[in-house]
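Trainee: Predicted model follows, preceded by the sequence.
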Amino acid sequence: MHAVSMHPAPEASSKPAIPPDVAIALLKALSSDDAFRQLFKSDPRSALSEVGFKLPVGAATPMCMMVGELASKEEILDAYDALYSHLTGATRASMTVIFTFAHGHGSEAANSAE
């Protein structure tokens, strides 16, 4: 998979949306791959790059991707649709809610932007 640059979603915040194919790859990896989950916790930028997504040079890592305790695989799966919408900008508030991937906050954080 090749890297895709992020482009802002219309009427979204200054945090750009993730392309749908990358959001699917990210959520699949977070809900099934222990090594990827560890990488995501320790280095979210590298994890994004691994699923085909490069943040622009100089761009800050989105706050929703910096978590102390990552949501469980089950929590990611349970909140899949809401997280997908949130990441792709379908909620028109892409990447603005912190704790999106934090344990116990997946559905709550993703749904709060709707």
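Mentor: Good, I have the coordinates. Everything numeric here is computed off the predicted structure, so don't read it as measured data.

Trainee: how about the top helix by length along the chain: buried residues?
Mentor: Across the chain, the longest stretch assigned as helix under DSSP state H is helix 20-30. Buried residues in helix 20-30, counted by 16 or more other CB atoms under 10 Å: 22-27, 29-30. Where C-beta positions appear, they are placed from N, C-alpha and C, glycine not excepted.

Trainee: Kindly report the same for stretch 74-85.
Mentor: Neighbour-count burial for stretch 74-85, counted by 16+ other CB under 10 Å, picks out 75-77, 79-80, 82-85.

Trainee: Turn these into CSV, columns for secondary structure.
Mentor: Conversion of the buried residues of stretch 74-85 to CSV gives the following (DSSP: H, G, I helix; E, B strand; the rest coil):
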residue, secondary structure
E75, helix
I76, helix
L77, helix
A79, coil
Y80, helix
A82, helix
L83, helix
Y84, helix
S85, helix
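
Trainee: Could you single out the nearest of those to A35?
Mentor: Of all these, I76 has the smallest distance to A35: 15.2 Å, by CB to CB.

Trainee: quick one: the closest one from D33, how far?
Mentor: Using CB to CB, to the nearest Å, one gets 11 Å for the distance from I76 to D33.

Trainee: Over to M63?
Mentor: Shown here: M63 relative to D33, a distance of 23 Å by CB to CB.

Trainee: Now S32: closest residue in space that isn't a chain neighbour?
Mentor: Nearest residue to S32, sequence neighbours excluded (CB to CB, 6 or more residues apart in numbering): K73, at 6.4 Å.

Trainee: So the one you found is in contact with L30, correct?
Mentor: Yes: contact criterion CB atoms under 8 Å: K73 and L30 qualify, at 7.4 Å.

Trainee: Now do the shared contacts for those two.
Mentor: R37 (CB atoms under 8 Å, 6 or more residues apart in numbering).

Trainee: In terms of pLDDT, where does the residue nearest to S32 sit?
Mentor: Looking at K73, its pLDDT reads 96.

Trainee: show me the contacts for S46.
Mentor: Contacts of S46 (CB under 8 Å, 6+ apart): L39.
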